[in-house]
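J.: Sequence first, then the predicted structure:
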Amino acid sequence: MYNKQIELYEPYQGFIRGNMFPSLFDQYGRIYDVKPMNEQAELLTYIDIFDFALIDIGLYLDVHPENQKMIELYNSFLQEKKSILKKYEENYGALTMDSNALNVAPWNWDNNPWPWEA
């Protein structure tokens, strides 16, 4: 069984570095903070941050599927992303065609302003 403690960046720090794992991080350029211009952009940024963390941790779990702590962290980040996505869609409309915000008329998913039109 795999019991080694894995050190991870917080999701935002991993996002701006392009790697959730400090032991694998090799800085090859400058790291820039992401500064959203409004609430809508901030929510989209957090969705991107958690998507990135989920992908990176998912890749780790492909190799270490028995690591229960990483599975729990993955599930925690997934719930956080879903919460942010729900808030975004309640305020700004659906992001995808399979959004829960479209349960009445899914083919109207593109009737809201696109994120870059707001």
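T.: In hand now; what should we look at?
J.: for the most centrally placed residue in the chain, what are its contacts?
T.: A centroid search over the chain (C-alpha atoms, centre = their mean) returns Phe50, at 1.8 Å, as the residue closest to the centre. Contact analysis of Phe50 by C-beta atoms under 8 Å, 6 or more residues apart in numbering lists Pro11, Phe77, Leu78, Glu80, Lys81, Ile84. All C-beta atoms are positioned from the backbone trio N, CA, C, and that covers glycine.
J.: do the same with Ile47
T.: Ile47 makes contacts with Lys81, Ile84, Leu85, Tyr88, Leu95, as judged by C-beta under 8 Å, 6+ apart.
J.: The last one and Glu89 touch, don't they?
T.: Yes. Leu95 lies in contact with Glu89 (C-beta atoms under 8 Å); the separation is 6.6 Å.
J.: where do the helices sit along the protein?
T.: Along the chain, the stretches classed as helices by DSSP state H are 11-17, 39-63, 68-92.
J.: related to what we said a few turns ago, state the distance from the residue nearest to the centre of the chain to Tyr74.
T.: Distance from Phe50 to Tyr74, counting by C-beta to C-beta, to the nearest Å: 11 Å.
J.: same question, Ile47
T.: 16 Å.
J.: picking that back up, closest to Glu7 out of the contacts of Ile47?
T.: Lys81 (21.8 Å; C-beta to C-beta).
J.: Looking at that closest one now. What's its pLDDT?
T.: pLDDT, Lys81: 97.
J.: do Leu24 as well
T.: 87.
J.: Met20 and Lys82: what is the separation?
T.: Separation of Met20 from Lys82 (C-beta to C-beta) stands at 19 Å.
J.: Tyr92 reaches Gln40, doesn't it?
T.: Yes. Using C-beta under 8 Å, Tyr92 is in contact with Gln40, at 5.4 Å.
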